[in-house]
Every structure is written in structure tokens, then in C-alpha cells.
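Enquirer: My questions are about this predicted structure, shown below with the sequence.
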Amino acid sequence: MSWFFRNRSVNLIVLVVSFLLVFLPYFFNVPGLYWFSGKLMTIAAVTTAFAIVVAVYSQYRRSFRIINARRKGWPFHVYLLLLMLVTLFFGLAFGTNCVGYRWLLMAVVTPLSSVIYGILAFYMASAGARAFRARSLNAVLLLVAGFIVLFYQAPLTGAVFPAIIPVATYLNNTFAMAVSRVFAISVCVGATVLGVRMLTGRELSFLGFVEEE
Amino acid sequence: MAALFEISGFVSGRFVGFVLVALIFVLTYYYMGRKKAPYLRRVAALDAIEEAIGRSTEMGKPVVCSYGIGGFDYWTLAGLSILSYVADICARTDTRLIVPTGGGHESYMVREQAVDLVKTRYLIAGKPEMFNEDDMPFLSGEQYAYTPGYVGLLVRERPGAVIMTGSHYSEAMNITEMANGVEAFTITAGCYTGNMAALACASDYIMLGEEQPAAGAYLSKDPQQLASIRVQDIYKFIEIALIILGLIAINLGSDVINRLMIT
């Protein structure tokens, strides 16, 4: 059966049909198409749900191998597996609104996620410190604009230096906006052309097909 | 504001959009049929991929390549095309390839596709025994659990190159700075305007804007695929013309271009 799903033409037909089921209802008023489009979304959601099981199995298998071989950091994998089991137990036995599951989410996952997000500031500062060096006039302009926008984002700046607000707003609403629009246009056009290459079967490397096949 | 054209059978205001998309299809198909590769400027980040893998091979270090944390959107598909190219070179040069997967609720399905893709590249290269699924770990379905997992992997494995493509968002900075910290050659792709500037500072090479969607065609060196990139330039000229026309019209007190483009 696998030969059927590995067939280039079969993959291409599935790709084109899926595309049409999503593309046509966006532009055309044909009620029947909405039904097909909705069904396709449901199929995608169900497939994703099954893929979660495969992903969790993969994580378990990898962790077991590391624990069995007593590779470096194996106790962390024991901890990981235990937490996965505890979360699964609470979620499956008592539902996602039970105290245990909510506690794991609110007291463990959310604070840890916030920490990782908070650390981002330091990474950005270190990258900025390395790159923003006033070596030329262009670099000076970038540096000054960067500092103005950075200070504007700090909560106290508005109170201490109110004059910085209109300058930063101007930089954001003109230069930054223009650049982001250019970026959006070029990406949209690039993505559409990529879509045409895929639909015509020219670029199927993302499915693992290459010219030699 | 009412749309300029209301055609029966079309969703309100989407007729012009359909014509513009249909035009892209026709033009791309036409240029691909000409089989004449146009002049393309060099994309430094894509040219550097081979160099980055070569550096890792010489140093005896692995290559880390990720395709983003999103679902099956165009960023991910472009990321998978680049992963396919990287896997091919790694298989041919006997370089260990590590692909961290996960990071988002829609990433589960993409992971299976990525595993199959890398496995296929090793098979084609005649080295199926080199493929190790443990080198494609599923880190987490949560973005900020995936991030420390990725960063930890970089610290433990100390790769020679980190190639981060597809849709990476705020976690991209943590990963790129840590890649820099372990002295890895860093190639990234910016898909999120909010962190693109910072990402450019932190990376050795970065792909911007349309460079990533065009990567598959650029790396394939196939004249037909390369020819399709010409359409992007034509379309940019059409959009610039529409912007200028819109500016003139709005200053003359007419909203005709706004109504033409409204959806």
C-alpha cells in the first residue's frame, strides 16, 4: 500500500484537490464548496490529533533509549517521562479542568514559559550590542533610531522624556511601517509563485521527491 | 466602502483579487514553459549552506537544521525544501544531521513529513543506515518548552552549523544567540517582522522576504523553476504601480483604487 502513497502523481493529485477545496470557496459563492472545505479542515484536525500520539511515542522511545544507555542527562529524561505520565493521568482521568491538571499548567508550564520569554530581552540586548556599532553614517542613523524606539518602549520614558514619543511614533509609523509592507508584499508574491511551482509539480522537494526519481 | 466590481458568483469584493492571483498563475506557467533561466542575484544565505555543512564536516561536528514551528503554511513548505537540500548534502558527506521538531500545536503533522523526507534523502544517497530517527527529536508541542529543548541540544551537541528556516517566531532569538554562543555557523530565515532586525544582528547569514519561498527553486538550479522567480519581479512592478496610482488618486479626491483593491 505504501507504494501508492509514495507515488508522485497521487501526491500531486491530493495537493491540487486540497488546494482547490480551500482556494475556490474564498473567491466563489458556491455553497456546496464550503461543505467540502469544512470537511477537509476536519480531516486535517483529526490527522493532527493522531500525529500527536506518534510524536509522544517518539519522545518516549527516545527518552527510554537515553535512560537505558545511561547517557549524559538521563535523569532529566526520567523527570520528563514522569511529568508526561502525571499530566496524562490527570488529563485523561479527571479532565483538563481538574485541580491537578490546572496546577501543572498554571504553576509549572506558564511560569517556565514566561521565564523563557523574559530571557529573550537579554539575548536581543547581546545581539544588539554586537551588531550596533557606529562604524559608518548608516550605522549611526540605525543606532540613533534604535535607541529612540527602544527608550520609547520603556514604561518610564513617556514620563521622563515626553518629547521622545512623537519621534518614536513617527519612526514606527513611517519607516518601520513602509519596510514591513514591502516585506509583506514580497513574501505574498513569493509564496504564491511557490504555490504555482508546487501545484504544477515542479517543486516537490518538500514531499521528498527529487529529479532522479 | 463598496467594491468597484461586484460580479455575480464571486464573493463580494474578491473579483479583482481573483484576477490578480489568476494572472500570477498564468505568468508563472508561461515563464516556466520558456525554460530560459533569468539572471538572478546571488542569495548569500543560500549559497552559504554548503559552506556551513562543509565546515561542520571538517570539524567533525553535527549540523542542526530546523524547519519552523508552524503547520503546513508556505514558510514551513519552504523550510522543508531547504531541509531536503541540507539532508542530501549531509547524507553525501557523512555528516550527522539533527532536526529538532515540534514547537507548535500544528507541528505534529509536519514532523511526520519531515522524518519521511530526511529518511528518503538518506535512502536516495544510498546510506539508509545513517538515518537515525533519534536525531529528529520531538521536543514539545509548546513553543516555550521547545525553545529550551532546542537551546539545550545546542549546548550538548555543539554543532558546527545551525540552519534555522521556516516559521520561527520569538524563540528564534534565543536559539540564534545560543548558536552564536557555541560558535556555530548560523544561517536563519526571518518570517516574523518583529524580530527580523534582531535576527539579522545575531546570524551569520539571513534570508529575508521572498528569498525563503524562492529557496527551493534557487537551490534546484532547474531553469524552469528559476524562470518562475521572474514573475515575482513583474508582480512587484504591478504593485508599485498600483501604490503610486492609489497615492495620486487619493490626493485628487478619488477612492477608485481603494475600491478596486478592497476585499
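Expert: Thanks, I have it.
Enquirer: Enumerate every residue touching residue B:18.
Expert: Shown in contact with residue B:18 (C-beta atoms under 8 Å, 6 or more residues apart in numbering or on different chains): A:27, B:10. Yep, even glycine has a C-beta here, placed from its N, CA and C like the rest.
Enquirer: Secondary structure element holding it?
Expert: According to DSSP states H and E, residue B:18 maps onto helix B:15-34.
Enquirer: which parts of that helix are buried?
Expert: Of all the residues in helix B:15-34, those buried under the rule 16 or more other C-beta atoms under 10 Å in any protein chain shown are B:15-18, B:21, B:24-25, B:27-29, B:31-32.
Enquirer: Residue A:189 against residue B:234, yeah?
Expert: No: Residue A:189 is beyond contact range of residue B:234, at 9.2 Å (criterion: C-beta atoms under 8 Å).
Enquirer: how about low-confidence regions in chain A?
Expert: Scanning chain A for pLDDT under 70 picks out the ranges A:1, A:210-213.
Enquirer: So is stretch B:223-235 next to chain A?
Expert: Yes: counting by C-beta under 8 Å from any C-beta of the partner chain, chain A is contacted by stretch B:223-235 at B:224-225, B:228-229, B:231-232, B:235.
Enquirer: Residue 165 in helix, strand or coil?
Expert: Picked chain A for this. Secondary structure state of residue A:165, per DSSP: H, G, I helix; E, B strand; the rest coil, is helix.
Enquirer: Not quite, go with chain B.
Expert: With three-state DSSP as the criterion, residue B:165 reads strand.
Enquirer: close enough to count as contact, it and residue B:199?
Expert: No: using C-beta under 8 Å, residue B:165 makes no contact with residue B:199, being 11.8 Å away.
Enquirer: Determine the residues that are contacts of both of the two.
Expert: residue B:188.
Enquirer: what's the domain layout of chain A?
Expert: Using automatic domain parsing, the domains assigned to chain A come out as A:1-94, A:96-131, A:134-213.
Enquirer: Specify the stretch among the ones you listed that is closest to residue B:253.
Expert: Of all these, the one in closest proximity to residue B:253, counting by C-beta to C-beta, is domain A:134-213 (23.2 Å).
Enquirer: Please see if that closest one touches chain B.
Expert: Yes: Domain A:134-213 reaches chain B (C-beta under 8 Å from any C-beta) through A:179-180, A:182-187, A:189-198, A:200, A:202-203, A:205-208, A:210-213.
Enquirer: Are any of these buried, and if so which?
Expert: Buried by 16+ other C-beta under 10 Å: A:183, A:185-187, A:189-198, A:200, A:202-203, A:205-208, out of the residues of domain A:134-213 next to chain B.
Enquirer: Helices of chain B, start to end?
Expert: B:15-34, B:44-59, B:74-92, B:107-124, B:143-157, B:171-181, B:193-202, B:215-220, B:223-251, B:256-261 (DSSP state H).
Enquirer: ditto for chain A
Expert: A:2-5, A:8-27, A:31-68, A:74-94, A:99-103, A:110-131, A:137-153, A:157-160, A:164-171, A:177-199.
Enquirer: tell me the angle the last one makes with helix A:8-27.
Expert: In other words, helix A:177-199. Interaxial angle, helix A:177-199 versus helix A:8-27 (axes from the mean of the first three to the mean of the last three C-alpha atoms, to 10 degrees): 140 degrees.
Enquirer: can you state the direction angle for helix A:177-199 and helix A:164-171?
Expert: In terms of direction (the same axes, to 10 degrees), helix A:177-199 departs from helix A:164-171 by 30 degrees.
Enquirer: before we move on, back to that, with distance to residue B:67 as added columns, please give the helices of chain A in a markdown table.
Expert: Listed next are the helices of chain A as a markdown table, based on distance: least, C-beta to C-beta, whole Å:
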| stretch | distance to residue B:67 |
| --- | --- |
| helix A:2-5 | 21 |
| helix A:8-27 | 18 |
| helix A:31-68 | 15 |
| helix A:74-94 | 23 |
| helix A:99-103 | 31 |
| helix A:110-131 | 21 |
| helix A:137-153 | 30 |
| helix A:157-160 | 39 |
| helix A:164-171 | 34 |
| helix A:177-199 | 14 |
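Enquirer: Deepest-packed of those helices, please.
Expert: Neighbour counts (mean count of other C-beta atoms under 10 Å in any protein chain shown) averaged over each of the helices of chain A peak at helix A:177-199, with a mean of 19.
Enquirer: by contact count, what packs against it?
Expert: Helix A:177-199 is packed against helix A:8-27, helix B:15-34, helix B:74-92, helix B:193-202, helix B:215-220, helix B:223-251, with contacts defined by 3 or more C-beta pairs under 8 Å, 6 or more residues apart in numbering or on different chains; DSSP states H and E.
Enquirer: average pLDDT across the shortest one?
Expert: Spelled out, it's helix B:215-220. The pLDDT scores in helix B:215-220 average 88.
Enquirer: Kindly report the same for the second one.
Expert: Predicted confidence along helix B:15-34 averages 89 (mean pLDDT).
Enquirer: Thought residue B:98 was touching residue B:63, still the case?
Expert: Yes: contact criterion C-beta under 8 Å: residue B:63 and residue B:98 qualify, at 7.1 Å.
Enquirer: what about those two, which has more around it?
Expert: Summary of the neighbour comparison: residue B:63 and residue B:98, criterion other C-beta atoms under 10 Å in any protein chain shown, with residue B:63 having more neighbours (28 against 20).
Enquirer: List the residues that contact that one.
Expert: Listed by C-beta under 8 Å, 6+ apart, the contact set of residue B:63 reads B:52-53, B:56, B:86, B:90, B:95-98, B:159-163.
Enquirer: Could you tell me the least trusted of the helices of chain B?
Expert: Ranked by mean pLDDT, the helices of chain B end with helix B:193-202 at the bottom, a mean of 81.
Enquirer: C-alpha coordinates for it, PDB please?
Expert: The C-alpha trace of helix B:193-202 is given here as PDB (Å, rounded to 0.1, in the frame of the first residue of the first chain):
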ATOM      1  CA  THR B 193       8.900  41.200  11.100                       C
ATOM      2  CA  GLY B 194       9.000  41.800  14.800                       C
ATOM      3  CA  ASN B 195      12.300  40.100  15.400                       C
ATOM      4  CA  MET B 196      13.900  40.200  11.900                       C
ATOM      5  CA  ALA B 197      16.200  43.100  12.700                       C
ATOM      6  CA  ALA B 198      17.500  41.300  15.800                       C
ATOM      7  CA  LEU B 199      17.800  38.100  14.000                       C
ATOM      8  CA  ALA B 200      19.900  39.800  11.300                       C
ATOM      9  CA  CYS B 201      22.200  41.000  14.000                       C
ATOM     10  CA  ALA B 202      22.600  37.600  15.600                       C
END
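Enquirer: Make CSV from the helices of chain B and add distance to residue A:160 to it.
Expert: Below are the helices of chain B laid out as CSV (distance: least, C-beta to C-beta, whole Å):
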stretch, distance to residue A:160
helix B:15-34, 47
helix B:44-59, 41
helix B:74-92, 40
helix B:107-124, 43
helix B:143-157, 32
helix B:171-181, 28
helix B:193-202, 25
helix B:215-220, 46
helix B:223-251, 38
helix B:256-261, 41
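Enquirer: Which among the ones you listed is found nearest to residue A:114?
Expert: Of all those, helix B:143-157 sits nearest to residue A:114, with 7.9 Å by C-beta to C-beta.
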